[in-house]
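*Asks:* here is a sequence together with a model predicted from it:
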Amino acid sequence: MESPPPHKRNVRRDDDRISALPDDLLLGILERLELREAVRAGAVSTRWRHLPHRLSRLHLNGRHFRCTTLLEFMDAFTGATRRLLTDRDCHCNGSHAIKSISLRFFLSAPHLSPIGRAVEHVVSRGETKRLHFGTCSPYKRNTALQLAEFGQQFMSFSRDYPLAFQWLTRLTLKNLAFGHSDVTDLINACDRLTHLTLSFCQLVDEHTPLKIDTPCSGIKDLEFIQFGCTQIELISVPKLSKVQCTSWRLANPPVRFVYVPELRDIWIQPEHPKQLTAIFRNLSDLSLSEIFPECDLSWTLFILEAAPALQKFTLSRTRHACDIAFEDNAEKTNVVWEPSKDFKHMNLKSLTIDGFEEEDKVTNYIRLVMGRAVGLKRIELRGEGCKKCDAIDPRTSQVDETRRHRIKELLTNGSSSSVERIMR
């Protein structure tokens with residue numbers, strides 16, 4: 001007995017051809033749109049109406065709602081969150097589960113509970129891969145009392161909805177004040193958290209250090225933007241690989257590293273190598289960028305002394321004659337450093353210098369490194385031209401080419417032939 005032909009959707013003449021496509025293809029189209037456009041498509045067509053509730057990616061930003069008061073903003077935001085997170089067919093298969101959720105909202109105590117309940121309703125199914133919370137203050141300027149109140153609200157939110165926070169993978173907080181252990185408690189409460197950004201936040205007592213002690217956490221990326229405290233102490237953050245600390249307001253170094261074995265990106269200033277060896281002893285690949293070409297380079301040898309396992313070392317100058325000068329540009333300070341007389345580096349294999357133009361400085365520095373890096377195999381000098389700089393002075397590219405040729409000759413004469421020299 002022959003099976004009946006596959007059922008075809010009945011498309012009226014006034015329906016467009018896209019609406020005749022299967023749901024899976026239509027979902028693929030909506031997934032590529034901003035959420036507002038996807039919801040709007042469902043609102044204007046009965047054929048598309050159910051599809052926004054089957055999207056696998058839900059990114060909502062409270063600032064996108066056209067409202068005039070905080071209450072209106074958050075009423076609209078929580079209403080949309082509930083509809084899109086909870087008004088779903090509970091019998092839908094895994095392909096229609098929400099895999100990625102990003103919610104950016106203002107801190108408003110009455111609205112945190114419906115957000116927490118809606119998120120826990122979804123993550124309890126165990127199919128969410130990425131969950132991001134982002135918060136900000138509704139005010140342009142905040143008093144210390146307001147910051148402390150916002151901080152207390154958010155910490156209460158994390159305690160009231162532990163399941164939601166256990167599924168968080170990224171957290172972006174702005175304009176909060178924390179108690180002395182709040183940040184550690186927050187990280188420990190977020191089992192899956194890998195990225196934390198604290199922007200314009202502070203400790204309630206700004207005259208104390210922020211201590212982060214999370215030996216069981218999986219956090220990999222910490223970013224502090226104008227954080228208010230005396231110092232950030234990373235006591236135990238075993239999976240941390242990147243730290244960013246910008247707009248630091250005090251003179252003392254912003255971060256103290258205790259146990260961060262996976263750390264790769266580090267802000268540092270010259271210190272005696274003996275003080276840095278404990279931190280840099282396993283460092284194998286290092287790049288130093290935005291070095292002023294007018295400054296001497298020998299100071300960078302303190303890194304070589306402090307990092308005995310270093311194999312690849314790159315120095316680059318990204319500042320050009322065409323750059324616009326700003327009032328807050330870094331001051332050109334020529335750091336003087338004398339390496340130890342008997343210092344030898346056994347593991348450095350590759351040295352790359354990008355963008356330096358003064359040949360005596362380059363050759364003297366390279367000879368200095370070659371005299372200490374006994375295992376050096378490769379030296380690469382990169383001098384790619386800049387169209388804007390050439391426009392300012394058309395002779396620049398010609399001079400650079402002549403200069404690179406002279407540098408290569410100087411490095412070849414009287415030096416070991418076992419080192420490969422590359423000019424680009």
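*Replies:* Yep, it's here. Numbering: from 1, shown residues only.

*Asks:* quick one: the helices in the stretch 1-150 of the chain?
*Replies:* 23-31, 35-44, 70-86, 109-123, 144-160 (DSSP state H, counting those that start in this stretch).

*Asks:* would you mind putting the ones you listed into a markdown table with distance to residue 217 and mean pLDDT alongside?
*Replies:* Heads up, the C-betas are built off the backbone N, CA and C, glycines and all. What follows is the helices of the stretch 1-150 of the chain, written out as a markdown table (distance: least, CB to CB, whole Å; pLDDT from 0 to 100):
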| stretch | distance to residue 217 | mean pLDDT |
| --- | --- | --- |
| helix 23-31 | 32 | 57 |
| helix 35-44 | 30 | 50 |
| helix 70-86 | 26 | 82 |
| helix 109-123 | 19 | 93 |
| helix 144-160 | 14 | 95 |
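
*Asks:* need these in CSV (columns: mean neighbour count).
*Replies:* Formatted as CSV, those follow (neighbours: other CB atoms under 10 Å):
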stretch, mean neighbour count
helix 23-31, 14
helix 35-44, 15
helix 70-86, 18
helix 109-123, 18
helix 144-160, 17
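
*Asks:* name the helix or strand of the protein that has the lowest mean pLDDT.
*Replies:* Least confident helix or strand of the chain, by mean pLDDT, DSSP states H and E, is helix 35-44 with a mean of 50.

*Asks:* what's the mean pLDDT across stretch 302-316?
*Replies:* Mean pLDDT, computed over stretch 302-316, is 89.

*Asks:* in that stretch, what's buried?
*Replies:* Neighbour counts over stretch 302-316 (16 or more other CB atoms under 10 Å) mark 302-308, 310-311, 313-316 as buried.

*Asks:* can you give me the end-to-end span of that stretch?
*Replies:* By CA to CA, to the nearest Å, the extent of stretch 302-316 from end to end equals 17 Å.

*Asks:* next one, pLDDT for residue 248 please.
*Replies:* 72.

*Asks:* checking it next. Helix, strand or coil?
*Replies:* coil (DSSP: H, G, I helix; E, B strand; the rest coil).

*Asks:* check the gap between the closest residue to it other than its chain neighbours and residue 225 for me.
*Replies:* Nearest-residue entry for residue 248: residue 254, 4.4 Å, with adjacent residues in sequence omitted and distances by CB to CB, 6 or more residues apart in numbering. Shown here: residue 254 relative to residue 225, a distance of 11 Å by CB to CB, to the nearest Å.

*Asks:* could you do residue 382 as well?
*Replies:* Distance from residue 382 to residue 225, by CB to CB: 32 Å.

*Asks:* what of residue 77?
*Replies:* Note on residue 77: its distance to residue 225, by CB to CB, is 24 Å.

*Asks:* can you check residue 112 too?
*Replies:* Relative to residue 225, residue 112 is positioned 23 Å away (CB to CB).

*Asks:* quick revisit: my guess is the residue nearest to residue 248 meets residue 231, correct?
*Replies:* Yes. Under the criterion of CB atoms under 8 Å, residue 254 makes contact with residue 231 at 6.6 Å.

*Asks:* more neighbours: these two, which one.
*Replies:* A side-by-side neighbour count of residue 254 and residue 231, using other CB atoms under 10 Å, places residue 254 first with 19 against 15.

*Asks:* residues contacting that one?
*Replies:* 224, 231, 232, 245, 248, 267 (CB atoms under 8 Å, 6 or more residues apart in numbering).

*Asks:* which of these sit farthest apart?
*Replies:* Maximum pairwise distance among these (CB to CB): 12.9 Å, between 231 and 267.

*Asks:* that older thread, of the helices of the stretch 1-150 of the chain, which is nearest residue 97?
*Replies:* Closest to residue 97 of the helices of the stretch 1-150 of the chain is helix 109-123 (CB to CB; 8.1 Å).

*Asks:* residues in contact with that closest one: which ones?
*Replies:* The contact list for helix 109-123, computed with CB under 8 Å, 6+ apart, reads 74-75, 77-78, 81-82, 85-86, 98, 101, 103, 105, 128, 131, 153, 156-157, 160-161, 163-164, 166-167.

*Asks:* hmm, residue 147 and residue 139 touching each other?
*Replies:* No. Using CB under 8 Å, residue 139 makes no contact with residue 147, being 10.2 Å away.

*Asks:* what's the helix or strand for residue 263?
*Replies:* Residue 263 belongs to no helix or strand when assigned by DSSP states H and E.

*Asks:* and the gap between the nearest residue in space to residue 65 that is not next to it in sequence and residue 61?
*Replies:* Of all residues not flanking residue 65 in the chain, residue 76 sits nearest, at 4.4 Å (CB to CB, 6+ apart). When CB to CB is applied, the distance between residue 76 and residue 61 equals 12 Å.
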